[in-house]
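>>> Attaching a predicted model along with its sequence, questions to come.
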Amino acid sequence: MKTSLALSVVLAVASGVVVHAPVKAAAGTKAAAPAPTAAQIVAKVVESDPWGLGGAQVAAKAIVTEKGGKRRALVFDAKSRRYAPPLGKSVITFQAPADVAGMKFLQIQNADADDERFLYTPELKRSRRIAGSNRSESFMGTDFSYADLDGRDLRQSSSVLKADETVGKFDCYRVAATPKNGDAVYARIELWVRKDNYVPLKWVMFDKRSQPVKTLVAREIQRHGGRWFITGSRMTDVTTGRSTELVLEKIDRREDIPLDDFSVRAIEKG
């Protein structure tokens, strides 16, 4: 749920076409910077952490809207810290509604292994581990999955550039990323990333039949502490027609949250 890009210049040489050496820039003329590669764009998106799960403290809410119009809102706080950039640790604590109040979700991203996920339930006064095999499951009844939260399908992917496109009034790189991890939830993820600040304005997630299963659209972005955050977004499940709106209401960019706060012991104690 409560919840989260590109391009290089392509040179095509057709048979029989003569390619001339580039003309040298005139003295005093500054050469244009080379366009970024797809991999560099994806790396910038991952590093920028526009969802606030890597070096920030946020107050947020997620509003789930059923196809028929029925709505349910979840209110939560989240804190996070990077410990091996771009990898981070985060804790989400739910405040409302009453049936989830006090529940906590701990996530620790790992480079060469499955990420660690634990869900603390106050009634049981203990945490249970969320296995990697459950990455495709809905997170707390929202349209965000555990995979959407950990971002590993994007972090561990190969990527290619597609033709540039415009989203709203913004020029965007369009990147297609193919996850490498064996337990990937998506077969392909396509991103539309603003050229001026590398904020992903749109994501489309595809299944193995190349059919879109979910779309994520950024509706509002803000800058806090020199970093861009997606403060309003909507995830839509294409198959069910249901959607989840994620709103970051308060953002405090921080890099000083103690690493000891991100452990099973800490969430069970606190």
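Now that the structure is in, tell me what you want to look at. Numbering: from 1, shown residues only.

>>> For the one helix or strand Ala163 maps to, which outside residues touch it?
Using DSSP states H and E, Ala163 sits in strand 157-167. Contacts with strand 157-167, where a contact means CB atoms under 8 Å, 6 or more residues apart in numbering, come from 6-8, 10, 37-39, 41-42, 171-180, 189-190, 192, 194-195, 201-202. Every C-beta, even on glycine, is put in place using the N, C-alpha and C of the backbone.

>>> just stretch 200-215 next, same as before
The contact list for stretch 200-215 (CB under 8 Å, 6+ apart) reads 4-5, 45, 50, 143, 167-168, 170, 172, 185-194, 216-218, 230, 235-239.

>>> which among the residues you listed end up buried?
By neighbour count, with 16 or more other CB atoms under 10 Å, those hold 4-5, 45, 50, 143, 167, 172, 185-194, 216-218, 230, 235-237 as buried.

>>> hmm, back to that, restricted to helices, list the contacts of stretch 200-215.
Those of the contacts of stretch 200-215 mapping onto helices are Val45, per DSSP state H.

>>> I'd like the list of the contacts of stretch 200-215 that fall within strands, please.
Among the contacts of stretch 200-215, DSSP state E puts 167, 170, 172, 188-194, 216-218, 230, 235-237 in strands.

>>> As a check, name the ranges of all strands in this protein.
Listed in chain order (using DSSP E), the strands of the chain are 56-65, 71-84, 87-96, 104-108, 116-121, 126-129, 157-167, 170-179, 188-194, 200-206, 212-224, 227-237, 243-253.

>>> Serialize those to JSON lines and add fields for mean pLDDT and distance to Ser263.
What follows is these, written out as JSON lines (pLDDT from 0 to 100; distance: least, CB to CB, whole Å):
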{"stretch": "strand 56-65", "mean pLDDT": "97", "distance to Ser263": "17"}
{"stretch": "strand 71-84", "mean pLDDT": "96", "distance to Ser263": "12"}
{"stretch": "strand 87-96", "mean pLDDT": "97", "distance to Ser263": "9"}
{"stretch": "strand 104-108", "mean pLDDT": "98", "distance to Ser263": "7"}
{"stretch": "strand 116-121", "mean pLDDT": "98", "distance to Ser263": "9"}
{"stretch": "strand 126-129", "mean pLDDT": "96", "distance to Ser263": "10"}
{"stretch": "strand 157-167", "mean pLDDT": "97", "distance to Ser263": "29"}
{"stretch": "strand 170-179", "mean pLDDT": "98", "distance to Ser263": "28"}
{"stretch": "strand 188-194", "mean pLDDT": "98", "distance to Ser263": "30"}
{"stretch": "strand 200-206", "mean pLDDT": "98", "distance to Ser263": "30"}
{"stretch": "strand 212-224", "mean pLDDT": "96", "distance to Ser263": "27"}
{"stretch": "strand 227-237", "mean pLDDT": "96", "distance to Ser263": "26"}
{"stretch": "strand 243-253", "mean pLDDT": "96", "distance to Ser263": "21"}
